[in-house]
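A.B. asks: coordinates for the following, if possible.
(chains A, B and C)
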Amino acid sequence: MARATDVLAEPLAPVPEPEPPARGLTPREWVRANLASSPFNAALTLLIGAGVAWALYRLGRWVFVTADWAVVRVNLRLFMVGRFPADELWRLWAAGYVLVAAVSLAAGALAASMRRPVAGDGEGIAGDLGGGRRRGGVARRAATALHRFWPAVLAVAVILSFTRTVVPSLGTLGLVAVGVAAGALGARLPVRLRRWAWLVGVAGILGGLQVITAGDGGVGWDDWGGLHLAVAATIAGIALAFPLGLLLALGRRSSLPGLRVVSTAYIEAFRAVPLVALLFLGNFMIGFMFPTAVEPPSFLVRAVIAITVFEAAYIAEIVRGGLQAVPRGQIEAAQAVGLSPVGVMRLVVLPQALRAVIPAMVGQFISLFKDTSLLSIIGFFELVDVTRAVTLQDAFRGQGLRPVALAFAGLIYWAGCATMARESRRLETRLGVGER
Amino acid sequence: MPRRTRTRRVTIVLVALSLFAAACSDDDDSNGAAADGNGDEEAAGTGGEGGGGDGLLGEVQDRGTLQCGVNETVPGFGLVDEQGEFAGFDIEYCRAVAAAVLGDAEAVEFTALDAETRFTALQAGDIDVLIRNTTWTSSRDGTENSRFLTTTFYDGQGMMVSADSAFQSIADMDGTTICVLSGTTTELNLATAAAGAGIDIEPLTFPDNEQLQPAFEAGQCQGWTSDKSQLAGVRSAWPDDQGGPEALRVFDETYSKEPLGPVVLDGDDEWADAVNWAVIATIQAEEFAITSDNVEEMTTSDNLDILRFLGQPFPDPEDPEAEAPPLDAGLGLDADFAVNVISQVGNYGEIYDRNVGPDTPLGLERGVNALWTEGGLLYPPPYR
Amino acid sequence: MATTTATGTRPPLWRDVRVLRVAFQVAVLAAVVAFASYLYDNLRANDVSFDFGFLDQQAGFGIAYTDLRPSDTVLDAMLTGLRNTLTVALVGNVLTLVLGTLIGIARLSGNWLVRRAAGVYVEVLRNIPPLLVIIFVNSVALSILPPIQDANEFGGLLVLSVSELGVVSLADGGNAEAFAVLLLAGLVAALAVSWWRRRLEDRTGAPAHQWVWGGGLLVAVAVVGYVALASPVVLSHPEVEGLSVVGGARMGLPYVAVLVGLVLYTSSHVAEIVRGSILAVPRGQTEAAGAIGLSPVQRLRHVVLPQAFRIATPPIINQFLNLTKNTSLGVAVAFAELLRVTNTVIGNGHPAVPAILVAMGLYLVVSLAISLVSNVAHHRLRLVER
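C.D. replies: The predicted model follows:
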């Protein structure tokens, strides 16, 4: 009778060594796999390759040889800040520093509080910009940041290449340094103070606004233009439309029929009309919504109101989708635990709902940024309007320079939107949205 | 109370306070109703405390600034340069009104408007007066709730084509595309003129000249129709690498009457009268040969009409010894508003010559825009 | 939601949930009505007219590249604008769907170059405002196209000039209506045949080539009809005569600029949606399909694409809606769509508020129609949960 020990008395057959991991593809193999895996594929590669090469050649020639970039270089200030008086530009720089410092502090604190307390896992939003554990040297972290923000870095580099003095470049470097330092500081704040961080961010925004508009030479927001106006309108739009959209979404899902009807009517009506029509209508009608004793709001305020009203409807739909995605069991469990309806909303439903719709929400914010270009249609000195104005200057008219100016404006918009989109995807991955 | 609740309440209070702070201080500094970067200073006007009651006159005098709706794309009449400075015939008339009503020709805030929105801006109260090469027509008087004042420029509609095209009159332009500004009388007149000539044209409409010009330059339309004064202005500024002014030709034909003048909203007669007489003052000044140079000496002239006009005390013809007070016409303006207007801006002839006269790039002769004494249409009502 | 306290008495009114609910709704509705009436009174006090009679007055202006004459009414003018809007929307949506789907699939291709090129296209165009794209296309066209006197003509197929473009199209050669009716009948028959073949395939499992049968039937009907009716439709070639394009489909440059700009922009979004929907089909589905022996094409056709289609349809219909609303950007390039015509009408002295209300009403109708389709599709395609 065979016994277990008999089997084990013999030495076990040696386990074969595992194969060494497959080496990466040589260039030749890579080409075969990716470009020419079949005759059809090979033909496609040749065709598309020829087309792409031709397009790149034409594009390169246009950008570097034929296009007259003087129209951008001479008018760079108009593109950036519109007709802001030149001797008050220090206000914008000061406001920029205040804003960057405050917002970076807030972001650093937020990242620190979101960071999971696992050793070695120090990747927060400020993680590779200076907060948390130091992994790799400064150069490595700078390279990571560069890879992460390359659209914005490219746009800033292009803009700075058009400046004539070194002052703006120094100012920009200073901004980056202040941002990094403030982020690091924010990440190191004690837990007690971190809850006030977002307040610091808001205070920074308002403080920046004060710096620009207060005092003798203060420039009211009706005189803002260019990229500055686009960014300010976006921030104002987001800040105002988000709470309104949230309320509308909650109203639409409410069990009170009156509230539901009003919210639904609002959302469906304002999603159905184009923003341009609302801007025109708002320009005319908002003045009448105020009693005659009060001075009617300025044109920019009216435009921002129109944008807010429009975007709130879209945000309401997005939030509604998020609310629907929260499983019913969550609500039932929260009620079983004894939370009031407000508590259920605030502590259980909304955090999950908003987390689930982050990509759609950021997409809507990107859309808002793009929609600020429509301000140029109703007469504001927006980037698109700047392109028109510069091509009508005596030195540049009649030479077909509008595409050149538009390409520059397009680069700026693209950099802004691409950066936001990339950050949104990163946030998505980090928060685990969409993973099962 | 629990820490979280206290935090929340403190936060809400702080946010509310900071928002208030931001909102309140911004109102002091932001310009009221400007749509474009135009940055004119808000100098507080000191003149004209007169009889401005509850109407717009009183409101403007309290506010200290005149809000004037103007054009920004027509050389000679309303144009803005890259620093945001406005210049032109209509601009100077805005300043004349400000000088009369507020005593300070610089106390004006310009709002650039395009043709389609100019009347809605007036109706909404965003501007006090519209001086923007606007034609006086019956339907505008009626449906736009507007009141047209003294005509400052008698114009007519014309057609401009490329100098090397074969067109000599509108009858040659069958089947062509014509660029025209929308929301103007031009659009309607073009249709009438084309129908009258028995031809078919395609009108391509644009909201303002800045959008129209590239289309005309690129050849999208073969003709450009507008008021002849505008065409002269555009032609004068035509870039040299496109051939300069010689590359364009304006037909001699005139397709309509276009009396251009300031516009105010219906229903406020006091304001309308004030603006009207500010404008008339410039024409009357030219009739009296008063210029910005000699207005000081004219205040001591022997001519009783001139003294009355300039708001100076004038001797009673029957009792030369008694000091008679200056004439107060009850317009709500200072008695010597005409002095303010003429010394700070000038008389009609000076305004015309500075902006659109024969020595300017526009090179427009006075023609019908001369005084009645010289065969023109300017006939100021007497100031007494 | 107890309406009795522990002792069994009703709570006081101001704490009674039912009363509060009703009171809150009444308050909200009252606030809305109050605001509306206040606005109305304010407008009336400023003599803003609400008279809709202007719609019957003469327009007094014409619109380039359309049949509108100055003697037509204002309502005709606005409907012409609406027709322009809908034309761009229809043609644009079809082109967008085709182009977007192609590029979306290209982004998933095994070919690295194709994938990267499509990726660059999508990433660049998605992040630029549509207004910029439209104006860019317009300005490029203005600078490189010749004036109509020197128009580029491509052998009767295409005419390019800076004011008008012409494309070869079909024109009535005699019996076009009869031919259209015949084609419609043929289409219905083709659909019925392919449905029958599909049922056959589902029942027996053997391939029944439903699209070949249906398509073949349609082509046969078309050919027979064409021959029998002796060329009911002919090709109409665009030519330059004098200063305009005669024949073919005649399009103004603003129309083409808006169309091309919107198609480029919206197709990048549709491409992203298509790619996302195909990627969203769980990998397990593809693996299982492979495990039961389906070829890659069959896998795509029977497993992946139907599920991807379910996911993609609502967002794509949303993009259609966006394109339709973005036609209003034609205001910036002098394209006479609905909003532009409304502005012209207002600028010509007609009352502003009724005109804008009419325009917004028209937009509302179009958008709600598209939304209705979207909601129906969403409803039919959704997964039913408890």
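A.B. asks: which bits of the stretch 201-350 of chain C sit near chain A?
C.D. replies: C:325, C:326, C:327, C:328, C:329, C:331, C:332, C:339, C:343 (CB under 8 Å from any CB of the partner chain). Where you see a C-beta, it was placed from the backbone N, CA and C, and this is true even at glycine.
A.B. asks: just those now: which is nearest residue C:224?
C.D. replies: Of all those, residue C:224 sits closest to residue C:327, with 39.3 Å by CB to CB.
A.B. asks: can you pull the contacts of that closest one?
C.D. replies: Residue C:327 is in contact with A:274, C:85, C:88, C:89, C:92, C:258, C:262, C:337, C:338, counting by CB atoms under 8 Å, 6 or more residues apart in numbering or on different chains.
A.B. asks: residue B:145: which of the residues of the stretch 201-350 of chain C next to chain A is nearest?
C.D. replies: Among these, and counting by CB to CB, the member closest to residue B:145 is residue C:343, at 18.8 Å.
A.B. asks: how about the closest one, what does it touch?
C.D. replies: The contact partners of residue C:343, taken as CB under 8 Å, 6+ apart, are A:280, B:116, B:182, B:183, B:207, C:331.
A.B. asks: so for the residues you listed, which is the shakiest by pLDDT?
C.D. replies: Within the set of these, pLDDT is lowest for residue B:183 (73).
A.B. asks: isn't that residue up against residue B:115?
C.D. replies: Yes. With contact defined as CB atoms under 8 Å, residue B:183 reaches residue B:115; the gap is 4.0 Å.
A.B. asks: more neighbours: those two, which one.
C.D. replies: Shown here are residue B:183 and residue B:115; by other CB atoms under 10 Å in any protein chain shown, residue B:115 has more neighbours (27 against 23).
A.B. asks: is it fair to say the more buried one lies in a helix?
C.D. replies: No. Membership of residue B:115 in a helix is not supported by DSSP: H, G, I helix; E, B strand; the rest coil, which gives coil.
A.B. asks: walk me through the domains of chain B.
C.D. replies: Domain ranges of chain B: B:32-155+B:259-384, B:156-258, per automatic domain parsing.
A.B. asks: re earlier: overlap of the contact sets of residue B:183 and residue B:115?
C.D. replies: Joint contacts of residue B:183 and residue B:115 (CB under 8 Å, 6+ apart) are B:207, C:347.
A.B. asks: who's in contact with residue A:44?
C.D. replies: Applying CB under 8 Å, 6+ apart, the residues contacting residue A:44 are C:111, C:114.
A.B. asks: now do residue B:114
C.D. replies: Going by CB under 8 Å, 6+ apart, the list of residues near residue B:114 reads A:379, B:183, B:207, B:208.
A.B. asks: which one of those is nearest chain C?
C.D. replies: residue B:183 (2.1 Å; CB to the nearest CB).
A.B. asks: so is the closest one in a helix, a strand, or just coil?
C.D. replies: Applying three-state DSSP: residue B:183 is coil.
A.B. asks: how close does it get to residue B:234?
C.D. replies: Applying CB to CB, to the nearest Å, the value for residue B:183 to residue B:234 is 18 Å.
A.B. asks: repeat for residue C:244
C.D. replies: Going from residue C:244 to residue B:234 by CB to CB gives 25 Å.
A.B. asks: now swap in residue A:406 and tell me
C.D. replies: Counting by CB to CB, the gap from residue A:406 to residue B:234 is 24 Å.
A.B. asks: show me the contacts for residue 158.
C.D. replies: Reading this off chain A. So residue A:158 contacts A:408, A:411 (CB under 8 Å, 6+ apart).
A.B. asks: can you look at chain C instead?
C.D. replies: Residues in contact with residue C:158, defined by CB under 8 Å, 6+ apart, are C:152, C:165, C:166, C:167, C:168, C:238.
A.B. asks: coming back round to it: if you rank the contacts of residue C:327 by neighbours, which is first?
C.D. replies: Counting by other CB under 10 Å, top hit in these: residue C:258 with 31 neighbours.
A.B. asks: tell me, how many residues neighbour residue 186?
C.D. replies: Using chain A. The burial count for residue A:186: 29, using other CB under 10 Å.
A.B. asks: hmm, I had chain C in mind actually
C.D. replies: Neighbours of residue C:186 (other CB under 10 Å): 18.
A.B. asks: can you verify it is assigned to a strand?
C.D. replies: No. Assigned with three-state DSSP, residue C:186 falls outside any strand and is helix.
A.B. asks: tell me which helix or strand the residue nearest to it when sequence neighbours are not counted sits in.
C.D. replies: Nearest non-adjacent residue to residue C:186, counting by CB to CB, 6 or more residues apart in numbering or on different chains: residue C:221, 3.2 Å away. For residue C:221, the host element (DSSP states H and E) is helix C:210-228.
A.B. asks: next: residue C:316.
C.D. replies: Secondary structure assigned from DSSP H and E places residue C:316 in helix C:305-326.
A.B. asks: what about the helices in the stretch 1-150 of chain B?
C.D. replies: Using DSSP state H, counting those that start in this stretch, the helices of the stretch 1-150 of chain B run over residues B:3-29, B:56-63, B:89-102, B:118-123, B:138-143.
A.B. asks: residue C:244 and residue B:234: which has the busier surroundings?
C.D. replies: Between residue C:244 and residue B:234, residue B:234 has the larger neighbour count (other CB under 10 Å), namely 24 against 18.
A.B. asks: rewinding a little: quick check: next helix or strand after the helix holding residue C:316?
C.D. replies: Trace forward from helix C:305-326 with DSSP H and E and the next one is helix C:338-347.
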